[in-house]
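Chemist: Turn this into a model:
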Amino acid sequence: MNVKLANHFITATVNVLSTMAFVKPVAGTPYIKTSNKSLAEVSGTLGITGIGIKTKGCMTIAFTKGSILKIISNMLGESHETINAEVCDAVGEITNMISGQARKKLSENGQSFEASIPTIIVGKDQEIHHLKLPSVIIPFKIDNEHFFVDICFSD
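Modeler: As a prediction, the model looks like this:
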């Protein structure tokens, strides 16, 4: 997978969450996914398809309970202590915004993409199976909480 692709998703993640939730996510070192087991309790996932090109892929953002509750509490200006329907809706919106910003940057480089509607997955020990392609995990940290962006694209 092209490293520039990962950089667009890192930049989009930092921009969206710092603007919408007033947090400062710090990206860790990306690595190749070796397991389908998620490290989080709630995830937003969507498919991405190239327009006029054969590239296809997907993006998942997977939040630990602590990270998403911190983000949502900041976004909405009220304390949240459980993953509920409102939190799940926000995960979908965050997934859309990050995907949208990354796709906008890709279009500036001549690659246009469309995205599907996000699917939200809730629960411990989730498994997320993407296309049969290598998947890159970008770990992020907000204070002592973690979340992960998982991207998978064909070349």
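
Chemist: Please point out which parts of the least confident helix or strand in the chain by mean pLDDT sit buried.
Modeler: Counting by mean pLDDT, DSSP states H and E, the weakest-scoring helix or strand in the chain turns out to be strand 113-115, with a mean of 86. Applying a neighbour-count criterion of 16 or more other Cβ atoms under 10 Å, one finds 113, 115 buried in strand 113-115. Yep, even glycine has a C-beta here, placed from its N, CA and C like the rest.

Chemist: swap in stretch 14-21?
Modeler: Quick answer for stretch 14-21 (16+ other Cβ under 10 Å): 14, 16-17, 21.

Chemist: Secondary structure added to these, as JSON lines?
Modeler: As requested, the buried residues of stretch 14-21 are exported to JSON lines (DSSP: H, G, I helix; E, B strand; the rest coil):
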{"residue": "Val14", "secondary structure": "helix"}
{"residue": "Val16", "secondary structure": "helix"}
{"residue": "Leu17", "secondary structure": "helix"}
{"residue": "Ala21", "secondary structure": "coil"}
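
Chemist: same for the top helix by length along the chain, what does it pack against?
Modeler: Taking DSSP state H as the criterion, the chain has its longest helix at helix 85-108. Counting contacts by 3 or more Cβ pairs under 8 Å, 6 or more residues apart in numbering; DSSP states H and E, helix 85-108 packs against helix 3-20, strand 42-50, strand 56-63, helix 65-76, strand 113-115, strand 119-122.

Chemist: so where's the chain uncertain?
Modeler: By pLDDT under 70, the low-scoring segments of the chain are 1-4, 52-53, 130-133, 155.

Chemist: and Leu46, what is it in contact with?
Modeler: Leu46 makes contact with 58-60, 95-96, 99, 115-119 under the criterion Cβ atoms under 8 Å, 6 or more residues apart in numbering.

Chemist: what's near enough to touch the residue most central in space within the chain?
Modeler: In the chain, the centroid-proximal residue (Cα atoms, centre = their mean) is Ile61; its distance is 2.7 Å. Contact analysis of Ile61 by Cβ under 8 Å, 6+ apart lists 13, 43-45, 91, 94-95, 98, 147-150.

Chemist: need these in TSV with neighbour count, can you?
Modeler: Below are the contacts of Ile61 laid out as TSV (neighbours: other Cβ atoms under 10 Å):
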residue	neighbour count
Thr13	23
Ser43	25
Gly44	24
Thr45	21
Val91	25
Ile94	24
Thr95	24
Ile98	25
Phe147	26
Phe148	20
Val149	24
Asp150	22
